[in-house]
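S.K.: Below are the sequence and a predicted model for it; my questions follow.
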Amino acid sequence: MSRAFCIPGVLFLLCAFVLNFLVSISLPWLTALDIARTHFGDGAIQQANVQGIAEIRFGIWAPCYYNTNDDRTCLKTGHGYSVEIANTRQTEAITIKSSWTRGLAVHPVAAAATFVALLLSLSTHITVTLLASLVSFLAALITLIAFAIDIALYALVRNEMKKLEIGANTNTAPGV
């Protein structure tokens, strides 16, 4: 079999690895790549000691709050964070528990599996190339699971923000 037929697969694995890697470092380091964003508009939201929140972004490693002046405040980074938000009248409060954000750590695992598949695909040995296709399938499956976790977090955040009754607008973000 000619090696030329393998080049598109190697290029797809390279692109998949780069994208998975970028999403894996996410918030708070890459501010543009988050999973879900909620816009409040008028700053009628507060969290612990942060007042006047206009937007909250959920990343893989931390949530970040943006006030009406676009100043960013990120919580302590870590795996599986919890977010508590209340409206300024203190009549409603919601909590996004760490059990929902803990699953976001699948993204670095998907990036690692894609990297291993990429390295194996560079081989010219037929057995290693076959192994590369199997690892590529595993990487694609893990990436699909990460995507499902992203969608589940988005659906939860959207549902919980509606409970605050302030007209919050929740959207998926570029990290999805």
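M.R.: Sure thing, it's come through. Model, not experiment: these values are computed from the prediction.
S.K.: just the strands in the protein please.
M.R.: 36-39, 45-46, 53-58, 63-67, 72-74, 83-87, 93-96, 169-172 (DSSP state E).
S.K.: Which residues belonging to the third one are considered buried?
M.R.: Spelled out, it's strand 53-58. 53-58 (16 or more other CB atoms under 10 Å). All C-beta spots, glycine's among them, are computed from the backbone N, C-alpha and C.
S.K.: Over to the first one?
M.R.: Along strand 36-39, these residues count as buried under the neighbour rule (16+ other CB under 10 Å): 36-38.
S.K.: what helices or strands is it leaning on?
M.R.: strand 53-58, helix 126-163, strand 169-172 (3 or more CB pairs under 8 Å, 6 or more residues apart in numbering; DSSP states H and E).
S.K.: what do you get for the fourth one?
M.R.: Counting contacts by 3+ CB pairs under 8 Å, 6+ apart, the secondary-structure elements packed against strand 63-67 are helix 7-29, strand 53-58, strand 72-74.
S.K.: Residue ranges in the chain under the pLDDT threshold?
M.R.: Filtered on pLDDT under 70, the chain yields the residue ranges 1-2, 41-51, 88-90.
S.K.: Spatially central residue for it, please.
M.R.: I35 (4.0 Å; CA atoms, centre = their mean).
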